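> Give the three-dimensional model of this entry:
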Amino acid sequence: MRRTKIIATLGPATDEPGVLEKLIAAGVDVFRLNYSHQTHNHHEKRMKKIRRLSLEYKHAVAVIADLQGPKIRIENFKSGKIQLKEGGNFKINTKLSSDSGDESQVGISYKQLANDLKLNDRLLIDDGKIVLSVLSIDNYIIDCEVITGGELTNSKGINLQGGGLSADALTNKDIEDMKHAAKIEVDFVAISFPRDAKDIKKARKMMKDCNCNAQIIAKIERADALNHIEEIIKESDVIMIARGDLGVEVGDAALPPIQKSLIKKARDMDRAVITATQMMESMIENKIPTRAEVFDVANAVIDGTDAVMLSGETSIGHYPDEAVKSMSRICEEAEKQRSVRVSDHRINQRFETISEAIAMSSMYSANHIGAKAICSLTETGGTCLWMSRISSGIPIYAFTRHTATRRRVALYRGVYPMKFDITHTDPLEANKQMIDQLIEQNVVVERDFVIITKGDLRGKRGATNNMKIIQVGQALEHTL
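Next up is the predicted model:
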């Protein structure tokens, strides 16, 4: 079974008849609604279809609402595009009207840009394809030299090399989108361009104010965020390594070690982590990935990412289901490596709760007794998250009565949601019923070892305090 989860972005391609069904059948675990595009009505229709198909296929699928954030873009040109020549001059005019750009200047969506710049700063436009160096700043006009030229079209993104732009992480649009995300009951909300933990705290308060119960994903895409990364991870539930804007700000060469470091930090701090952006970009147009893309996905899996994300490959690509199938095959092969099945996670650290101690003990026991599966009776999925931080090839089954919890754990590496209501089950029969479900799904057979974790207090959050090792088909008194 594939342990690494796959996230697919929705868009025009997935709106075509039958495509969403193919993606679920191909193994998508999480869908992403990109609030940078389309209307609330579009997203609501997509959400209804996802929920309906999830029930139909009996496959718990989570949904992310990805907020746009302060994506800073140039405005538009009169002719739609211009050509910039290296060594020439070009101005960014913060007071220029939105459709008045020409060969000499263009407007900008972020009106405070001049306040954030100094001489010789480098501005990177369209993911770094165009590079400008700041020559002078005169109130609202930023005069630049073209370092790297080329064709420049409307509404391209702009970054400051090294970071430092002070635009707020949450815009008015984001707040309205957050309210809509709460209304349609998404499972995760992704916060774009946070600079520090304060941005995440602010987002959490806003989510609480609009009755949004989703977990927070912090998208790491600003260089500034790396200076506060541990605080950001601590305040978040999940982080996403958004390699597009982050790569532009820190430079391509610095990105691979940063990615490895972020995956390790997130796992060490018991948070889930998503690796995103251009993972299989060529599959927007082609049926097979490049060898470089195969290595990229595999390396993220070997490093321990919980999920890998497809963007344009599924939202606008010609072969969305093929992209998911290819990514799934790569993940499965990478997961066969011994290095992704052993762990020294928190081996020298104190556990903070009984639930965490049970989770760690269960994984240690499972790895050393050769258990075929772990059954975790859970209310929130917290015990399963802790378990999934331990590298292992043993599947973790999250047995829960809560639909929201089943969808949430769909993001966690190696965790598989199962519908089970302990409050309506005799505690003495619960173990047998869970084992029976695994037998029915051909997960275990007679004499296999299974580890079960649960709490003495049924239906109470954070109450896991019990671990049991059972041998399938053996009497209870023979339990180890």
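> how does the protein divide up, domain by domain?
With domains defined by automatic domain parsing, the chain comprises 5-69+168-337, 81-160, 354-478.
> between the ones you listed, which gets nearest to residue 75?
Proximity to residue 75, assessed across these by CB to CB, is greatest for domain 81-160 (3.4 Å). C-beta coordinates here come from the backbone N, C-alpha and C atoms, glycine included.
> now the end-to-end length of that closest one.
22 Å (CA to CA, to the nearest Å).
> For stretch 47-58, buried residues please.
The neighbour-count check on stretch 47-58 (16 or more other CB atoms under 10 Å) flags 47, 49, 50, 51, 53, 54 as buried.
> rewinding a little: can you tell me which of the domains of the chain the model trusts least?
Among those, domain 354-478 carries the lowest mean pLDDT, at a mean of 88.
> The strand or helix carrying residue 92: which residues count as buried?
For residue 92, the host element (DSSP states H and E) is strand 89-93. For strand 89-93, burial by neighbour count (16+ other CB under 10 Å) applies to 90, 91, 92, 93.
> which ones are touching the last one?
Taking CB atoms under 8 Å, 6 or more residues apart in numbering as the criterion, residue 93 is in contact with 105, 106, 107, 108, 140, 141, 142.
> Now the second one. Nearest residue, chain neighbours left out?
I take that to be residue 106. residue 74 (4.9 Å; CB to CB, 6 or more residues apart in numbering).
> So the one you found versus residue 316, what's the distance?
According to CB to CB, to the nearest Å, residue 74 and residue 316 sit 22 Å apart.
> Which of the two has more residues huddled nearby?
Shown here are residue 74 and residue 316; by other CB atoms under 10 Å, residue 74 has more neighbours (24 against 15).
> Secondary structure class of the residue nearest to residue 313 when sequence neighbours are not counted, three-state.
Leaving out its chain neighbours, the residue that sits closest to residue 313 by CB to CB, 6+ apart is residue 323, at 4.1 Å. Assigned with DSSP: H, G, I helix; E, B strand; the rest coil, residue 323 falls in the helix class.
> And for residue 323, the neighbour number?
Neighbours of residue 323 (other CB under 10 Å): 31.
> Just confirm it contacts residue 309, I think it does.
No - contact criterion CB atoms under 8 Å: residue 323 and residue 309 do not qualify, at 11.1 Å.
> And stretch 151-165, what's buried?
152, 154, 157, 158, 159, 160, 161, 163, 164, 165.
> The residues you listed in strands, which ones?
Using DSSP state E, the members of these that fall within strands are 152, 158, 159, 160.
> the strands in the stretch 151-300 of the chain, which residues?
Per DSSP state E, counting those that start in this stretch, the stretch 151-300 of the chain carries strands over the ranges 158-160, 188-191, 215-220, 238-242, 272-276.
> on that earlier part again, identify the farthest-apart pair in the ones in strands among the buried residues of stretch 151-165.
Largest separation among these by CB to CB: 152 and 160, giving 17.3 Å.
> which strands and helices sit next to the helix or strand following the strand holding residue 92?
Where DSSP H and E defines the elements, the next helix or strand beyond strand 89-93 is strand 105-106. In terms of contacts (3 or more CB pairs under 8 Å, 6 or more residues apart in numbering; DSSP states H and E), strand 105-106 is packed against strand 89-93.
> List the strands paired with the strand it packs on, with their directions.
Take DSSP bridges as the rule and strand 89-93 pairs in its sheet with strand 105-106 (parallel), strand 141-148 (antiparallel).
> From the chain's centre, how far out is the first one? Work that out for me.
Averaging C-alpha coordinates over strand 105-106 and over its chain gives two centres that are 35 Å apart (CA atoms, centre = their mean, to the nearest Å).
> ok, residues contacting that strand?
Strand 105-106 is contacted from outside by 74, 75, 76, 77, 90, 91, 92, 93, 96, 141, 152, using CB under 8 Å, 6+ apart.
> and which of the residues you listed is nearest residue 83?
residue 152 (7.6 Å).
> need the contact list for the residue nearest to residue 106.
By CB under 8 Å, 6+ apart, the contact set of residue 74 is 92, 101, 106, 107, 108, 109, 125, 152, 154, 155, 156, 158.
> Per-residue pLDDT of it, please?
96.
> Can you show me the helices along the stretch 201-350 of the chain?
Remark: helices assigned in the stretch 201-350 of the chain by DSSP state H, counting those that start in this stretch are 229-235, 243-250, 255-268, 291-303, 312-315, 320-334.
> Same question for the stretch 1-150 of the chain.
19-26, 40-57.
> Switch these over to CSV; also include distance to residue 194.
Listed next are the helices of the stretch 1-150 of the chain as CSV, based on distance: least, CB to CB, whole Å:
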stretch, distance to residue 194
helix 19-26, 29
helix 40-57, 22
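> Let me see the contact set for the residue nearest the centre of the chain.
For the chain, the residue sitting closest to the mean C-alpha position, by CA atoms, centre = their mean, is residue 274 at 3.8 Å. By CB under 8 Å, 6+ apart, residue 274 lies in contact with 7, 217, 238, 239, 240, 241, 305, 306, 307, 308, 309, 411.
> for it, which residues make a bridge with it?
residue 240, residue 307.
> ok, it to residue 174 distance?
As judged by CB to CB, residue 274 and residue 174 stand 19 Å apart.
> Which one of the buried residues of stretch 151-165 is nearest to residue 200?
The shortest approach to residue 200 among the buried residues of stretch 151-165 belongs to residue 163, at 17.1 Å (CB to CB).
> Residue 379 versus the residue nearest to that closest one when sequence neighbours are not counted, what's the distance?
Using CB to CB, 6+ apart and skipping the chain neighbours, the partner closest in space to residue 163 is residue 223 (3.0 Å). Using CB to CB, residue 223 is found at 39 Å from residue 379.
> which one of these two has more residues nearby?
Taking neighbours as other CB under 10 Å, residue 223 and residue 379 compare with residue 223 leading, 23 against 19.
> what's near enough to touch the more buried one?
Taking CB under 8 Å, 6+ apart as the contact definition, residue 223 lies against 162, 163, 164, 246, 249, 250.
> The first one and residue 120, how far apart?
In this case it means residue 162. Following CB to CB, the distance that separates residue 162 from residue 120 is 11 Å.
> Please apply the same query to the last one.
Spatial separation of residue 250 from residue 120 under the definition CB to CB is 18 Å.
> Please identify which of the two sits among more neighbours.
The residue with more neighbours, out of residue 250 and residue 120, is residue 250; 18 against 9, by other CB under 10 Å.
> Is it correct that that one is in contact with residue 258?
Yes - contact between residue 250 and residue 258 holds when scored by CB under 8 Å: they sit 6.5 Å apart.
> Who are the contact partners of the nearest residue to residue 244 once chain neighbours are set aside?
Nearest residue to residue 244, sequence neighbours excluded (CB to CB, 6+ apart): residue 277, at 4.4 Å. Residues near residue 277 by CB under 8 Å, 6+ apart: 241, 242, 243, 244, 247, 309, 311.
> How about residue 401?
Here residue 401 is in contact with 419, 420, 421, 422, 423, 459 (CB under 8 Å, 6+ apart).
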